[in-house]
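Q: What shape does this take:
(chains A and B)
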Amino acid sequence: EPEVTQTPSHQVTQMGQEVILRCVPISNHLYFYWYRQILGQKVEFLVSFYNNEISEKSEIFDDQFSVERPDGSNFTLKIRSTKLEDSAMYFCASSEGDRAVGELFFGEGSRLTVL
Amino acid sequence: KQEVTQIPAALSVPEGENLVLNCSFTDSAIYNLQWFRQDPGKGLTSLLLIQSSQREQTSGRLNASLDKSSGRSTLYIAASQPGDSATYLCAVRGYGNKLVFGAGTILRVKS
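A: Numbering: from 1, shown residues only, chains lettered A, B, ... in the order given. The predicted structure is shown next:
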């Protein structure tokens, strides 16, 4: 069964360092997303991406964050200068269709720990 | 701003019981509602997607209903098993392209 894959599963970094989280969405999907879940809190939306551009972003997704689809298969989230409060589980998701019909499929997540 | 609430926050039941998880949302202008399962430290597994025009969806022992006008959804799990133990999350998609999640119901099924 097709699935969303994410790497790394866990990354530990020092505050101020750059981090890149990688995702391979399901191959025929057109819409890509990043969500995050701080320990003990709700899953929250970061950004959606379609047709090689950001379609929507939350107030969390500030200038420290960027997304890219560098080739036909990968979708990345970059955090330019990590802060302690960026520690969270980051989930990539993809869907075949948009809001009206699209069921989202999530990856296993990348746990980011900022020291 | 859409708010999603799930009740109860935690539930412990003996194996074999039928149970109901509740989800409510404040803005009824939604495209769809999705139920997920999350095991500890793991990703989100999609269980059921209900479009706004639908009243319910079924998958195996799971049945989800949607009452859009009252802002409610329920997830019914029949004949619960220890393997059903997990956190169940409800999420709604409104006129943006994002899902808004509830805090989840932590389910424990005792053998």
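Q: A:Leu60 - how many residues pack around it?
A: If you look again at residue A:60, you'll see it is Ile, not Leu. 15 (other C-beta atoms under 10 Å in any protein chain shown). (Each C-beta comes from the backbone N, C-alpha and C, glycine too.)
Q: For chain B, which residues are neighbours of chain A?
A: Within chain B, the positions lying close to chain A (C-beta under 8 Å from any C-beta of the partner chain) are B:31-32, B:34, B:36, B:41-46, B:49, B:51, B:89, B:91, B:93, B:95-104.
Q: Can you select the buried ones among those residues for me in ChimeraX?
A: Of the residues of chain B next to chain A, the buried ones go into a single ChimeraX selection, burial set by 16 or more other C-beta atoms under 10 Å in any protein chain shown:
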select /B:31,32,34,36,43,44,46,49,51,89,91,93,97,98,99,100,101,102,103,104
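Q: Show me the residues of chain B next to chain A that map onto strands.
A: B:32, B:34, B:36, B:44-46, B:49, B:51, B:89, B:91, B:93, B:99-101 (DSSP state E).
Q: May I have the residues that are in contact with residue 43?
A: As the question left the chain open, I've gone with chain A. Neighbouring residues of A:Val43 by C-beta atoms under 8 Å, 6 or more residues apart in numbering or on different chains: A:Tyr35, A:Arg36, A:Gln37, A:Phe91, B:Leu44, B:Leu89, B:Ala91, B:Leu99, B:Phe101.
Q: Not quite, go with chain B.
A: By C-beta under 8 Å, 6+ apart, B:Gly43 lies in contact with A:Gln6, A:Phe91, A:Phe106, A:Gly107, A:Glu108, A:Gly109.
Q: Tell me the pLDDT of the fifth one.
A: Note for A:Glu108: predicted pLDDT of 95.
Q: Could you measure from it over to B:Leu75?
A: For A:Glu108, the distance to B:Leu75 equals 22 Å [C-beta to C-beta, to the nearest Å].
Q: Show me what from chain A comes close to chain B.
A: A:6, A:31, A:33, A:35, A:41-45, A:48, A:50, A:55-56, A:58, A:91, A:93, A:98-101, A:103-109, A:111.
Q: now those: which count as buried?
A: By 16+ other C-beta under 10 Å, the residues of chain A next to chain B give A:6, A:31, A:33, A:35, A:42-45, A:48, A:55-56, A:58, A:91, A:93, A:99, A:104-109, A:111 as buried.
Q: Inside strands: which ones of these?
A: A:6, A:31, A:33, A:35, A:43-45, A:48, A:55-56, A:91, A:93, A:105-106, A:111.
Q: of the ones in strands among the residues of chain B next to chain A, closest to B:Glu15?
A: Minimum distance to B:Glu15 across these is 20.9 Å, recorded for B:Thr45 (C-beta to C-beta).
Q: Perfect, I'm done here.
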